[in-house]
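Novice: Give me the fold of what follows.
(one chain, ligands or ions: 1)
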Amino acid sequence: MNSREAERAPSALTPPPDAIPPVRHPEAPAPGELLGAHYDHCFGCGGGQPHGLHLQARAGDGVSITAEFTVQSAHQGAPGLAHGGVLATALDETLGSLNWLLRTIAVTGRLETDFVRPVPVGTVLHLQAEVTAVAGRKIYSTAVGRTGGPDGPVAVRAQALFIEVMVDHFIDNGRPDEIKAAMADPDQIRRVRAFEVNP
Ligand SMILES: CCCCCCCC(=O)SCCNC(=O)CCNC(=O)[C@H](O)C(C)(C)COP(=O)(O)OP(=O)(O)OC[C@H]1O[C@@H](n2cnc3c(N)ncnc32)[C@H](O)[C@@H]1OP(=O)(O)O
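Specialist: Purely as a prediction, here's the structure:
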């Protein structure tokens, strides 16, 4: 472990003392509004991924989100049970959707997941996530996923740190074919949301 990694290790998900509460963007979708897919080919929310999660997120109060995802046969790890990585993806996607309420472009830097109960295929996972603090480019957030309804037992939970980036993060690092296709989309909203840029 180098010194930078050591610095991040145990307290990386604890906001520093100068962190501030998150501020909901004035043009954020109203509480209860469905967010829709930010990118058709997103494995978490896009309709263009046959085996994707097709997660549906809804704006909550403050800087919070609720989301639902139904575990499909294609999401198995052990027989009849959701793969842990798929559940982590559902948490990551829900947490990532919070950035749309802040209208900040950010990517996951760290995602720490607790797998509390096994989740069978066919289960609807009810997710809730909120931003807890912001410190400069660092956005701290938490999420839980419950089974049997929005108030059911916790099956998974996560703590995350998202880092604000410029749109160049996607343009410089993404594969040129997909970047070109997304930029050529005549729908301005779809074009900007593909890169998570504010319209
Ligand atoms: C609706 C949208 C849904 C989107 C889907 C869900 C979201 C995703 O899955 S995004 C994809 C997965 N994530 C990625 O690909 C990110 C890959 N990583 C990177 O590109 C870079 O490491 C990146 C951008 C996170 C940080 O790099 P860089 O911009 O150079 O920032 P850097 O200076 O290293 O770090 C900035 C701060 O964050 C901290 N930090 C960065 N990474 C971490 C980390 N892993 N753990 C803890 N702290 C970290 C640094 O310590 C630093 O803190 P401070 O300002 O206090 O010194």
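
Novice: any idea which helix or strand of the protein has the worst average confidence?
Specialist: Least confident helix or strand, the chain: helix 3-8 with a mean of 56, by mean pLDDT, DSSP states H and E.

Novice: where does the residue in the chain that the ligand sits nearest to fall, phi/psi-wise?
Specialist: The chain approaches the ligand most closely through Gly96 (2.8 Å), counting by Cβ to the nearest ligand atom. Placement of C-beta: from N, CA and C, glycine included. With angles defined as degrees, to the nearest 10, Gly96 sits at phi -60, psi -30.

Novice: in terms of contact, does it touch Gly44 like I think?
Specialist: Yes: using Cβ atoms under 8 Å, Gly96 is in contact with Gly44, at 7.4 Å.

Novice: Show me whatever sits in contact with both of these two.
Specialist: Common contacts of Gly96 and Gly44 (Cβ atoms under 8 Å, 6 or more residues apart in numbering): none found.

Novice: From His38, how far out is the residue of the chain closest to the ligand?
Specialist: Computed as Cβ to Cβ, to the nearest Å, the Gly96 to His38 distance reads 8 Å.

Novice: So between these two, which is more surrounded?
Specialist: Taking other Cβ atoms under 10 Å, Gly96 and His38 do not tie; Gly96 has more neighbours (24 against 21).

Novice: Next up, the contacts around the more buried one.
Specialist: Gly44, Ala106, Val107, Thr108, Phe162 are the contacts of Gly96 under Cβ under 8 Å, 6+ apart.

Novice: Let me know the secondary structure of the third one.
Specialist: In other words, Val107. strand (DSSP: H, G, I helix; E, B strand; the rest coil).

Novice: Show me what it is bridged to.
Specialist: Going by DSSP bridges, Val107 is paired in beta bridges with Ile163.

Novice: Would you state the strands of this structure in chain order?
Specialist: Remark: strands assigned in the chain by DSSP state E are 56-59, 64-70, 106-115, 124-135, 138-146, 154-164.

Novice: Now tabulate those in CSV and tack on mean neighbour count and distance to Gly80.
Specialist: Listed next are the strands of the chain as CSV, based on neighbours: other Cβ atoms under 10 Å; distance: least, Cβ to Cβ, whole Å:
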stretch, mean neighbour count, distance to Gly80
strand 56-59, 20, 24
strand 64-70, 21, 14
strand 106-115, 16, 16
strand 124-135, 20, 15
strand 138-146, 23, 18
strand 154-164, 20, 15
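
Novice: Mind checking these for the one nearest to Glu178?
Specialist: strand 106-115 (16.0 Å; Cβ to Cβ).

Novice: Contacts only, for Cys45.
Specialist: Ala37, His38, Tyr39, Gly52, Leu53, His54, Leu55, Gln56, Ala57, Glu93, Ser97.

Novice: again, 10 Å this time
Specialist: If you count contacts by Cβ atoms under 10 Å, 6 or more residues apart in numbering, Cys45 has them with 35-39, 52-57, 67, 69, 90, 93-94, 96-97.

Novice: Many thanks, I have nothing further to ask.
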